[in-house]
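Asker: I would like the atomic coordinates for the input below:
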Amino acid sequence: MQQQMSVITLGVHDLARSRRFYVDGFGWAPVFENEDIVFFQMNGFMLGVWKAAEQSKDMARENAFGPAPFALADNVPAASDVQPAMDALIKAGGKLLKPAPGPPHGGFAGYVTDPDGHAWEIAFNSAWSISPEGYVTFGV
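Answerer: Predicted structure coming up:
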């Protein structure tokens with residue numbers, strides 16, 4: 001099987017509130033949206049925010065919504081980009097989890113949640129390169 005990820009879909013309680021977070025906070029533009037879901041074209045995959053009740057029904061799981069021990073990440077080109085990105089996300093409805101000190105493994109990172117509690121790490125890692133298209137390469 002090819003090593004890839006096609007879509008990440010996050011269950012959300014209030015679609016309009018989540019849309020504001022991703023559009024106003026990250027500055028992303030939806031490529032498709034309706035009354036239940038919003039999709040964003042990422043670099044190589046899609047990110048969707050979907051009403052949690054509809055996602056639970058689609059998955060045939062009762063109340064599939066809940067906190068999970070994982071984080072999504074947005075790597076930025078410079079350490080000086082971390083705090084402004086976190087500030088924009090908080091202003092757009094996110095909540096601060098952890099301020100951005102230097103993590104023990106190097107770099108500079110902090111954590112913010114979206115309005116539904118999905119954790120986002122906003123990070124700079126000098127050992128990773130980011131292409132103009134936003135692709136991150138490990139160890140380059």
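Asker: what about the longest helix in the protein?
Answerer: helix 82-91 (DSSP state H).
Asker: looking just at contacts, which helices and strands does it meet?
Answerer: Where contact means 3 or more C-beta pairs under 8 Å, 6 or more residues apart in numbering; DSSP states H and E, helix 82-91 is packed against strand 108-113, strand 119-124. No exception for glycine: its C-beta is placed from N, CA and C like everyone else's.
Asker: what's the first one packed up against?
Answerer: I take that to be strand 108-113. By 3+ C-beta pairs under 8 Å, 6+ apart, strand 108-113 packs against helix 82-91, strand 95-98, strand 119-124.
Asker: got it, and the last one?
Answerer: If you count contacts as 3+ C-beta pairs under 8 Å, 6+ apart, strand 119-124 packs onto strand 71-75, helix 82-91, strand 108-113.
Asker: quick one: strands adjacent to the very next helix or strand once past it?
Answerer: Downstream of strand 119-124, the first helix or strand assigned by DSSP states H and E is strand 129-130. Partners of strand 129-130 in the sheet, by DSSP bridges, are strand 136-137 (antiparallel).
Asker: which residues are in contact with the strand it pairs with?
Answerer: 75, 128-131 (C-beta atoms under 8 Å, 6 or more residues apart in numbering).
Asker: try it again with 10 Å
Answerer: 43, 73-75, 123, 125, 127-131 (C-beta atoms under 10 Å, 6 or more residues apart in numbering).
Asker: Now that we have those, which of them are buried?
Answerer: Applying 16 or more other C-beta atoms under 10 Å to these, the neighbour count classes 74-75, 123, 125, 130 as buried.
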